[in-house]
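**Student:** Sequence first, then the predicted structure:
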Amino acid sequence: MKKMKIILSTYLSLSVFVLFSQPKQNNEKVLQVHNDIKKKELTDSSSKKRPFLSQFILSGEIRPRMEYRHGYKMLANIDQDAAAYVDQRSRLNFDFISKSFKTRIVLQDVRGWGTTAQLNNSDAFSSIHEAWGEVFLKKGWSIRLGRQEIMYDDHRIFGNVGWAQQARSHDAMIIKYQKDGFSVDVTGAYNQDGASLNGTNSTIASYKSLQNLWVHKNWNENIESSFLFLNLGKQVTDPTSGDYWDNYTQTIGTSNGLKKDKLSIFFNAYYQMGKTDQIQANDLSAYNVLLDVGYKLNKAFSTNLCYEVLSGNSQMDTSTSYVEDQHAFNPVFGTNHKFNGFMDHFYVGNWNGNVGLQDIAWKVKYKKNKCYVGLDFHVFMSQAAVFDEYKYNAELAAVGGDASLVTKKEMNSYLGTEIDFSFGFALSDGVMLKGGYSHMLGSQTLASLQGITYTTGVDAGKGRADQISNWGYIMVVFKPTFFQTTIKK
C-alpha cells in the first residue's frame, strides 16, 4: 500500500506539472453548445466577426425498457424466481441559446408500467431533471447555475448515470473557462433539506457540500489530459444528542488519453483521503487505477483490453494500524454500469466499503452506420484478502470451539466471469432499438461475500453459486425534435 501511495503521488504530481507547463496550441474553440445545438451555427460572446444566431429547440426522449433479472446485482439463490418488468423514461428538453446566455430545462417522468392506476389523477413520478442557466462572460469565461448533469472524462468519478432511467443531476454552480484547447471548471454546491431559521441540516441529498476543480487540456488532436480535485462534505448526525457535523473526503487524480491512427490508450489514477462519513470516522486511504488499450482492426471492428483495480478492505488483516483506516475506494458519482460488467454486481448501489475489485476485460465491438454489436468478457477478482468463514467455523467445531487451535483461512480471490452481449440499430431516423444479454459465472467467494450460502447440511454457511445468474433487456429509444427556431441577429 505504501509503495502504491508513493507511485500515485509521484504520478499525480508529474501530471499536474505537465498540465500547466506545456505551451498553448492554436486551436481556440468556442463555448460548447449543449446537445443538439450546433456550435458551428453559433459564436461565443467574445467573437464579433461572425453573425450570431439565437436558437430555441424543444426536443424529447421516450425510452421504455424491458428487463429480465435472475441474479442481477446479486447471484441467484436457490429459492429465487426470475423477475421481469418494464419501466420508462420520458423527457421534454427545452434548450435556448442567445449571444449572452443559454438555458436548459429537462422535465422527466420515470415510472414502471403498471405502477399507477389507469384512472390515475396524480403521482410522484415526475420531476425536473435539469434546470440551469449559463451566462457568457468575456474571454472564454462563463457561469452556470442550477440543477444540472456533471460529467468529466470517462465518467469514472463524475457521470450522469445515463443508463439508469432517473439518471443523476446536481444542484450546483460551475465557473467555466475555455480557450486554446484548455478548460477549467470550478464547481461549488451546498445542500439543505429546506429553508430554515435554525441550523444547516442536510439529510436528503447524498452530500451536504461539494467543491471540485477540473482542468483539461487538449495538447493536439491525439493527446488529452485532465486533473481533478474533489472535496466532498457529508453530514454526520449523533442519534443520541442530535448534534451534527460534516466529515470531508478528498479525491484527487488524473485522466489521460492518446489516440494515434488505429491505436488508443487511456489511463487514469485516483487517490482518496480524508474522513469517512461515520460518527466514529476512520481515516481514508484508497486508490483506483485503470488502463485501457484499444485497437481498430478496420473501419467497423475494434477491440479493447482493459485492467482496473479499486482498493478494498482486507478481511484478514486485523491489526490496529490497518483497521483504523478505510481502504475501500468509492467511485463517488461515477457511471458505474459502464465499467465493471452490465449485471451491476459491483459499485452500483453496492460493494462500497468491501474488499475492492480487480477487473480484467476484453471487449470486441462491430459498429457500422447506425448499427453496433458488442461482446465483453470480464474476469473479476478481489483486490483485498477475503476471510473464509465457512472453513474457519468448520475447523473450530472440529476442535471443540477452542479458537487458539484454529487459524484464519483466506478464500480464493477469484470472484467470477461475466459475459456481456449488446446490440443496437436504428429503426428509423430518431428511433433506436437496443438490447443485450449477460451471464455471470460467479464463484464461491462472490457468493459468500453476497451472503448467498447453503442453509442446511454439511455445507451450511458455504458460499453457493450453483444457480444460473443472467440478465437481459430490450429498449426502444425515441428522440424527436418537436420544434426548432433560429433567429439571425
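**Tutor:** Looks like it arrived, so ask away.

**Student:** what sits against the spatially closest residue to residue 210 that is not a sequence neighbour?
**Tutor:** Using C-beta to C-beta, 6 or more residues apart in numbering and skipping residues adjacent in sequence, the residue nearest residue 210 is residue 189, 4.1 Å away. For every residue, glycine as well, the C-beta is placed using N, CA and C. With C-beta atoms under 8 Å, 6 or more residues apart in numbering as the criterion, the residues that contact residue 189 are 170-173, 207, 209-210.

**Student:** Are any of these buried, and if so which?
**Tutor:** 170-173, 207, 209-210 (16 or more other C-beta atoms under 10 Å).

**Student:** counting contacts, what elements does the helix or strand that contains residue 445 pack onto?
**Tutor:** Remark: residue 445 resides in helix 444-449, with elements defined by DSSP states H and E. The contact analysis (3 or more C-beta pairs under 8 Å, 6 or more residues apart in numbering; DSSP states H and E) places helix 444-449 against strand 414-428.

**Student:** Report the angle between the helix or strand following the strand it packs on and strand 414-428.
**Tutor:** Sequence-wise, the next helix or strand beyond strand 414-428 is strand 431-442, with elements assigned using DSSP H and E. Inter-element angle recorded for strand 431-442 and strand 414-428: 170 degrees (by axes from the mean of the first three to the mean of the last three C-alpha atoms, to 10 degrees).

**Student:** Can you give the strand pairings for strand 431-442, parallel or anti for each?
**Tutor:** The pairing partners recorded for strand 431-442 under DSSP bridges are strand 414-428 (antiparallel), strand 469-478 (antiparallel).

**Student:** Turn the ones you listed into JSON lines, including mean pLDDT.
**Tutor:** What follows is the strands paired with strand 431-442, written out as JSON lines (pLDDT from 0 to 100):
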{"stretch": "strand 414-428", "mean pLDDT": "98"}
{"stretch": "strand 469-478", "mean pLDDT": "98"}
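
**Student:** Which one, of these, ends up nearest to residue 82?
**Tutor:** Closest to residue 82 of the strands paired with strand 431-442, according to C-beta to C-beta: strand 469-478, at 8.8 Å.

**Student:** For that closest one, buried residues please.
**Tutor:** With the criterion 16+ other C-beta under 10 Å, strand 469-478 contains buried residues 469-477.

**Student:** repeat for stretch 102-118
**Tutor:** By 16+ other C-beta under 10 Å, the buried positions in stretch 102-118 come out as 102-111.

**Student:** What of stretch 291-308?
**Tutor:** Of the residues in stretch 291-308, those buried by neighbour count under the rule 16+ other C-beta under 10 Å are 292, 294, 302, 304, 306, 308.

**Student:** Please flag which of these sit within strands.
**Tutor:** Within those, residues falling in strands by DSSP state E are 292, 294, 302, 304, 306, 308.

**Student:** List the beta-bridge partners for the first one.
**Tutor:** Looking back up the chat, that one is residue 292. In this entry, residue 292 is beta-bridged to residue 266, residue 306, by DSSP bridges.

**Student:** Wait, it touches residue 302, no?
**Tutor:** No: contact between residue 292 and residue 302 fails when scored by C-beta atoms under 8 Å: they sit 11.8 Å apart.

**Student:** beta partners for residue 374?
**Tutor:** Beta-bridge pairing for residue 374 (DSSP bridges): residue 365, residue 422.

**Student:** quick revisit: farthest-separated two in the ones in strands among the buried residues of stretch 291-308?
**Tutor:** Considering C-beta to C-beta, no two members of those lie farther apart than 302 and 308, which are separated by 18.8 Å.

**Student:** in the host helix or strand of residue 253, what counts as buried?
**Tutor:** In the assignment (DSSP H and E), residue 253 maps to strand 244-260. Taking 16+ other C-beta under 10 Å as the basis for neighbour counts, the residues of strand 244-260 that come out buried are 244, 246-249, 251-257.

**Student:** Next one, pLDDT for residue 26 please.
**Tutor:** For residue 26, the pLDDT comes out at 35.

**Student:** For the stretch 201-350 of the chain, just list every one of the helices.
**Tutor:** Taking DSSP state H, counting those that start in this stretch as the criterion, the stretch 201-350 of the chain contains helices spanning 320-323.

**Student:** where does it dip in pLDDT?
**Tutor:** In the predicted model, the stretch 201-350 of the chain carries no residue with pLDDT under 70.

**Student:** Beta-bridge partners for the spatially closest residue to residue 100 that is not a sequence neighbour, please?
**Tutor:** The shortest distance from residue 100 to any non-neighbouring residue, by C-beta to C-beta, 6+ apart, is to residue 136 (5.8 Å). Here residue 136 shows beta-bridge partners residue 142, assigned using DSSP bridges.

**Student:** What average pLDDT does the helix holding residue 445 get?
**Tutor:** With pLDDT averaged residue by residue, helix 444-449 scores 96.

**Student:** Please list the residues outside it that contact it.
**Tutor:** Taking contacts as C-beta under 8 Å, 6+ apart, the residues outside helix 444-449 that touch it are 75, 345, 354-355, 380, 382, 386, 388-390, 411-416, 453, 462-465.

**Student:** Mind checking which of these land in helices?
**Tutor:** Using DSSP state H, the subset of the contacts of helix 444-449 located in helices is 389-390.

**Student:** Now which of the contacts of helix 444-449 would you call buried?
**Tutor:** Using 16+ other C-beta under 10 Å as the burial test, those include 75, 345, 354-355, 380, 382, 386, 388-390, 411, 413-416, 453, 462-465 as buried.

**Student:** count of residues packed around the spatially closest residue to residue 383 that is not a sequence neighbour?
**Tutor:** Excluding the flanking residues, the one nearest residue 383 by C-beta to C-beta, 6+ apart is residue 356, at 3.0 Å. Other residues within reach of residue 356, judged by other C-beta atoms under 10 Å, total 25.

**Student:** My understanding was that residue 276 contacts residue 247; is that so?
**Tutor:** Yes: between residue 276 and residue 247 there is a contact at 6.7 Å, judged by C-beta under 8 Å.

**Student:** Residue 392: which element?
**Tutor:** Per DSSP H and E: residue 392 is located in helix 389-398.

**Student:** Can you mark which positions in that helix are buried?
**Tutor:** Under the neighbour-count rule (16+ other C-beta under 10 Å), helix 389-398 has 389-392, 394-395 buried.

**Student:** Quick one: mean pLDDT over it.
**Tutor:** Here helix 389-398 scores 92 as its mean pLDDT.

**Student:** Give me the contact list for that helix.
**Tutor:** Under the criterion C-beta under 8 Å, 6+ apart, residues 402-403, 406, 408-409, 448, 453, 461-463 lie in contact with helix 389-398.

**Student:** Name only those of those that count as buried.
**Tutor:** The neighbour-count test (16+ other C-beta under 10 Å) marks 406, 448, 453, 461-463 as buried among the contacts of helix 389-398.

**Student:** now, among the residues you listed, which is nearest to residue 333?
**Tutor:** Among those, and counting by C-beta to C-beta, the member closest to residue 333 is residue 448, at 29.6 Å.
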